[in-house]
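Engineer: what shape does this take:
(4 chains)
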Protein chains: 2
Amino acid sequence: MQEIENFLVQKEIRPTAMRLLIYKFMAQKSVASSLNELEQAFEKSERTTLYRTLKTFEKKAIVHRIDDGTGIAKFALCEDTCNCELGTDLHLHFHCTRCNETQCLTEQKIPHVILPKGFKATDANLVVKGICNKCPSC
Amino acid sequence: MQEIENFLVQKEIRPTAMRLLIYKFMAQKSVASSLNELEQAFEKSERTTLYRTLKTFEKKAIVHRIDDGTGIAKFALCEDTCNCELGTDLHLHFHCTRCNETQCLTEQKIPHVILPKGFKATDANLVVKGICNKCPSC
DNA sequence: AAAGACGTGCAACTCTTGTGCATTAACAGG
DNA sequence: CCTGTTAATGCACAAGAGTTGCACGTCTTT
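Structural biologist: Numbers count the residues shown, from 1 in each chain, chains lettered A, B, ... in the order given. Model (predicted):
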């Protein structure tokens, strides 16, 4: 917990109780969290607080927003060295259609695609859907 | 117009006036359309009708829904031979952050990615963001 | 301790998407 | 051409996620 506090301070984020708890919660999960999940996990807190906390985390680049195609935004912690840059940091996201969880596959970077003349890429998002390694695929 | 009617009938879709117009409208556009755009283009018609028409088209596999990360669903006509299958039909979508248009790059198929053991892919979505060929990139 | 900046909780609102139901239009059979 | 069945349309309404304004509380700085 002390570590998290130090980390937040280092990132210029005030280490309030809520923020510590939210960060800890996300760090312990291996899959991305939606606003709704956090709301359930912290029933005593307000949706708005969670919402703004995530926004702050996102701005300070310690979490990234994931659009997995479900229409519900998910959030996951960034890796230490992440700058969310195309070609280096941007990894693919896997959405399991069985357990409905979304996770980062940080090892799998988004492959380089050759765009037609005149197109210039600055960002990319690759979501693969299917069955994850925790769900029986039979 | 007669061609469109034949096409719809062949796909088991009743060729009502609205459907013909909507199909024609989408065929003339090179970029994907949102529900909102269609609403503006057909002010005399109802949102619900457009919504349900798109849903019908989607079910009959003559349009596909595009999630470009803006949170607003876009729709574009499928190619004749399209089955929306991974590895053959699924192409990438390009979202221009300048003109805010989304288009299909049907030539650019989604590259094959090697997933970790235990993962099984059935679908994928790749959205590249940047500046399109119609916007000045300077 | 006071002042200012920042975080939190509450309420209300927007925008997109979706549903129920009555009405209207399209198609098939006589 | 008329009629009955089926499907499409129009209207009202609702659900859900995301967002903002405002008041209040807490923390930091001096």
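Engineer: where does pLDDT dip in chain A?
Structural biologist: For chain A, residues meeting the criterion pLDDT under 70 lie at A:87, A:137-138.
Engineer: and the residue of it nearest DNA strand D?
Structural biologist: A:A73 (3.2 Å; CB to the nearest atom of the strand). Every C-beta, even on glycine, is put in place using the N, C-alpha and C of the backbone.
Engineer: how about the residues of chain A by chain B?
Structural biologist: A:67, A:69, A:71, A:92, A:94, A:97, A:105, A:107-108, A:110-111, A:113-134, A:137 (CB under 8 Å from any CB of the partner chain).
Engineer: starting from the helix or strand harbouring A:L92, tell me which strands it pairs with and how they run.
Structural biologist: Per DSSP states H and E, A:L92 falls inside strand A:91-96. Strand A:91-96 has the following strand partners under DSSP bridges: strand A:102-109 (antiparallel), strand A:120-131 (parallel).
Engineer: so which of those strands comes closest to DNA strand C?
Structural biologist: Nearest of the strands paired with strand A:91-96 (CB to the nearest atom of the strand): strand A:120-131, 16.6 Å.
Engineer: how about the closest one, does it reach DNA strand D?
Structural biologist: No - for strand A:120-131 and DNA strand D, the contact criterion (CB under 7 Å from any atom of the strand) is not met; the two come no nearer than 14.7 Å.
Engineer: what's that strand in contact with?
Structural biologist: A:67-69, A:86, A:90, A:92-98, A:110, A:113, A:115, A:137, B:69, B:97, B:110, B:113, B:115, B:119-131, B:137 (CB atoms under 8 Å, 6 or more residues apart in numbering or on different chains).
Engineer: in it, which residues are buried?
Structural biologist: For strand A:120-131, the neighbour count (16 or more other CB atoms under 10 Å in any protein chain shown) marks A:A121, A:D123, A:A124, A:N125, A:L126, A:V127, A:V128, A:K129, A:G130, A:I131 as buried.
Engineer: now that strand - C-alpha only, PDB.
Structural biologist: Only the C-alpha atoms of strand A:120-131 are listed here, as PDB (Å, rounded to 0.1, in the frame of the first residue of the first chain):
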ATOM      1  CA  LYS A 120      -1.100   8.500 -41.800                       C
ATOM      2  CA  ALA A 121      -1.600   6.400 -38.700                       C
ATOM      3  CA  THR A 122      -1.100   7.800 -35.200                       C
ATOM      4  CA  ASP A 123      -3.000   5.300 -33.200                       C
ATOM      5  CA  ALA A 124      -4.500   1.800 -33.400                       C
ATOM      6  CA  ASN A 125      -6.800  -0.500 -31.600                       C
ATOM      7  CA  LEU A 126      -6.900  -4.300 -32.100                       C
ATOM      8  CA  VAL A 127      -9.400  -6.400 -30.300                       C
ATOM      9  CA  VAL A 128      -9.500 -10.100 -30.800                       C
ATOM     10  CA  LYS A 129     -12.600 -12.000 -29.600                       C
ATOM     11  CA  GLY A 130     -13.000 -15.600 -28.800                       C
ATOM     12  CA  ILE A 131     -12.400 -17.900 -25.900                       C
END
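Engineer: circling back: mind listing what the residue of chain A closest to DNA strand D touches?
Structural biologist: A:S34, A:L35, A:R65, A:I66, A:D67.
Engineer: show me what from chain A comes close to DNA strand D.
Structural biologist: So chain A meets DNA strand D at A:14, A:16, A:34-36, A:47-48, A:51-52, A:55, A:71-73 (CB under 7 Å from any atom of the strand).
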